[in-house]
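Engineer: no sequence on this one, just coordinates:
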């Protein structure tokens, strides 16, 4: 009998894990001077909802993001100087959040790889 | 299997089907995205019938109290009447009194036969000529009038009418209430921080007294900020409440003032940084000018307050 394959999203704890992670992640982002200035003038509730969408996707969960959404959603930030260093910082913060939640390195690497896969679209190239 | 009514539509759910899937299967458009209870796009409100707890996981307590739920997570045990978030109705009311709380703030009391609300929610006040403006509710439902605090807006049509023509005994319409910035009982020992500027005090005054009435035992701090000392109001009432309730304290904060009087001098943000730097486990209410509300919410969040525990109401002033 073969072992059923458990998805990354389920291994991480699904929607409950996203809910548990989002404040931790968002607070780290706002405290990180490398990226915080991109979030100065955004509405917190709306931004938090977007962060949840991003985390759901990065956790391997069901989502409706297309490469086009990613491009459109970040185009205005690219004009404000969003670059590879900022994407690196976000992936690093994402890893630190998961580490803080006690997630195993192996799973953190999988999440980082999904986030990494959006880099080209986020940076509009 | 339960039936779902939505506006003029109705549909019969199948075994183990969610409200979202059922509505979509019947061609009823409901906005949605992740279908995993995460993104929040499919938020609806149950006007009749009980939704299962799983459909409200992760929502603010005030949203739960008003029947908000995620359609994609909702497999109900009973029939539901659901609505888009924020559907409203109008009720007639009569202006009973208008009195000045400060140079620029008018207390308007309205009498209305049947108007259910929670202190801190807001209502649209609609004149006979159709002019509408939103105001937060400062009264408690058990009081015999609905109390609003109206700031005089330069060139403001509604505030000009109320201030200059004192339309006592005039009939108006109320629409609503709406808004999720209110006290929800259940965690009586949780420390509460209420922060507002200008007439942002109106909802906070309602929320404060609602919490005290509900027997909240944890510390409650209210900070009212104003640009100038004349912008402060209800100071005596708030001091009286502070004297009567050991767990309640009131601080007024004025940006432009020479020497401190019964208030501290400086912006509200400075006061927060100084006295409320560690807010993990607290609940917060922030009301007033939109830019300030946004900035203060972020301050509370960075001080450790969970985002779900931050309730806010940003005022938009229009002429």
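Structural biologist: Received, thanks. Fair warning: this is a prediction, and the values are worked out from it, not measured in the lab.
Engineer: so where's chain A shaky on pLDDT?
Structural biologist: Under the criterion pLDDT under 70, the flagged ranges of chain A are A:1-4.
Engineer: next to chain B, which bits of chain A? Give me the list.
Structural biologist: By the rule CB under 8 Å from any CB of the partner chain, the part of chain A lying against chain B is A:9, A:14-16, A:18-19, A:22-23, A:26-27, A:30-31, A:41, A:43-45, A:48-49, A:52-53, A:55-56, A:61-64. Yep, even glycine has a C-beta here, placed from its N, CA and C like the rest.
Engineer: which PyMOL command selects the buried ones in the residues you listed?
Structural biologist: A single PyMOL command is used to select the members of the residues of chain A next to chain B judged buried by 16 or more other CB atoms under 10 Å in any protein chain shown:
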select buried, chain A and resi 9+14+15+18+19+22+23+26+27+30+44+48+49+52+53+55+56+61+62+63
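Engineer: which of the residues of chain A next to chain B fall within strands?
Structural biologist: Assigned to strands by DSSP state E, none of those qualify.
Engineer: what does chain B put close to chain A?
Structural biologist: So chain B meets chain A at B:33-40, B:57-58, B:294, B:297-298, B:301-302, B:306-308, B:310, B:312 (CB under 8 Å from any CB).
Engineer: inside strands: which ones of these?
Structural biologist: B:310, B:312.
Engineer: which stretches in the stretch 201-319 of chain B count as helices?
Structural biologist: With DSSP state H, counting those that start in this stretch applied, the stretch 201-319 of chain B shows helices at B:201-213, B:235-244, B:268-275, B:290-302, listed in chain order.
Engineer: kindly report the same for the stretch 51-200 of chain B.
Structural biologist: Under DSSP H, counting those that start in this stretch, the stretch 51-200 of chain B gives helices at B:61-65, B:157-165.
Engineer: worst mean pLDDT among those helices?
Structural biologist: The weakest mean pLDDT among those belongs to helix B:61-65, with a mean of 83.
Engineer: where does chain B dip in pLDDT?
Structural biologist: Scanning chain B with the threshold set as pLDDT under 70 gives B:33, B:38-41, B:86-89, B:315-319.
Engineer: contacts made by the helix or strand harbouring residue A:121 with the rest, please.
Structural biologist: For residue A:121, the host element (DSSP states H and E) is helix A:119-122. Residues outside helix A:119-122 that contact it (CB atoms under 8 Å, 6 or more residues apart in numbering or on different chains) are A:67-68, A:70-71, A:74, A:82, A:84, A:87.
Engineer: from those, keep the buried residues only.
Structural biologist: Among these, the ones that count as buried (16+ other CB under 10 Å) are A:70-71, A:74, A:82, A:87.
Engineer: quick one: the helices in chain A?
Structural biologist: Along chain A, counting by DSSP state H, helices occupy A:8-12, A:14-31, A:44-58, A:67-79, A:84-100, A:105-116, A:119-122.
Engineer: what angle sits between the fifth one and helix A:14-31?
Structural biologist: Right, the one you point to is helix A:84-100. Using axes from the mean of the first three to the mean of the last three CA atoms, to 10 degrees, the direction of helix A:84-100 lies 130 degrees away from that of helix A:14-31.
Engineer: can you list the buried residues in helix A:84-100?
Structural biologist: Neighbour counts over helix A:84-100 (16+ other CB under 10 Å) mark A:86-87, A:89-91, A:93-95, A:97-98 as buried.
Engineer: cool, the first one as well?
Structural biologist: Going by neighbour count (16+ other CB under 10 Å), the buried part of helix A:8-12 is A:9, A:11-12.
Engineer: and the closest residue to residue A:44 other than its chain neighbours, what does it touch?
Structural biologist: Distances taken as CB to CB, 6 or more residues apart in numbering or on different chains put residue B:297 closest to residue A:44, at 5.1 Å, once the chain neighbours are dropped. For residue B:297, the contact set (CB under 8 Å, 6+ apart) comprises A:44, B:284, B:286, B:310, B:312.
Engineer: looks like residue A:39 contacts residue A:30 (just checking).
Structural biologist: Yes - applying CB atoms under 8 Å, one finds residue A:39 in contact with residue A:30, separated by 6.0 Å.
Engineer: quick one on the thing from earlier: got the helices of chain A as JSON lines, with distance to residue B:11 columns?
Structural biologist: Below are these laid out as JSON lines (distance: least, CB to CB, whole Å):
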{"stretch": "helix A:8-12", "distance to residue B:11": "29"}
{"stretch": "helix A:14-31", "distance to residue B:11": "25"}
{"stretch": "helix A:44-58", "distance to residue B:11": "27"}
{"stretch": "helix A:67-79", "distance to residue B:11": "30"}
{"stretch": "helix A:84-100", "distance to residue B:11": "40"}
{"stretch": "helix A:105-116", "distance to residue B:11": "36"}
{"stretch": "helix A:119-122", "distance to residue B:11": "37"}
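Engineer: wait, what's in contact with residue 96?
Structural biologist: Reading this off chain A. Counted by CB under 8 Å, 6+ apart, residue A:96 has contacts residue A:28.
Engineer: you looked at the wrong chain, it should be chain B
Structural biologist: B:109-111, B:145, B:168-169.
Engineer: also residue B:277?
Structural biologist: So residue B:277 contacts residue B:303 (CB under 8 Å, 6+ apart).
Engineer: I'd like the distance between it and chain A.
Structural biologist: 13 Å (CB to the nearest CB, to the nearest Å).
Engineer: check which residues of the helix holding residue A:121 are buried.
Structural biologist: A:121-122.
Engineer: how far does that helix sit from its chain's centre?
Structural biologist: Chain-centre distance of helix A:119-122: 12 Å, with CA atoms, centre = their mean, to the nearest Å.
Engineer: and what of stretch A:113-125?
Structural biologist: Taking CA atoms, centre = their mean, one finds the center of stretch A:113-125 at 11 Å from the center of the full chain.
Engineer: also stretch B:251-264?
Structural biologist: 27 Å.
Engineer: what is the end-to-end distance of it?
Structural biologist: 8 Å (CA to CA, to the nearest Å).
Engineer: what comes up buried for that stretch?
Structural biologist: For stretch B:251-264, by 16+ other CB under 10 Å, it's B:251-254, B:257, B:263-264.
Engineer: next one: stretch B:100-118
Structural biologist: B:101-102, B:104-110, B:112, B:115, B:117-118.
Engineer: how close does the residue of the stretch 51-200 of chain B found nearest chain A get to residue A:112?
Structural biologist: As assessed by CB to the nearest CB, chain A sits closest to residue B:58 within the stretch 51-200 of chain B, at 4.6 Å. From residue B:58 across to residue A:112, the span is 25 Å (CB to CB, to the nearest Å).
Engineer: next, count neighbours for the closest residue to residue B:60 other than its chain neighbours.
Structural biologist: Closest residue to residue B:60 apart from its sequence neighbours, by CB to CB, 6+ apart: residue B:308 at 5.6 Å. Residue B:308 has 16 neighbours, counted by other CB atoms under 10 Å in any protein chain shown.
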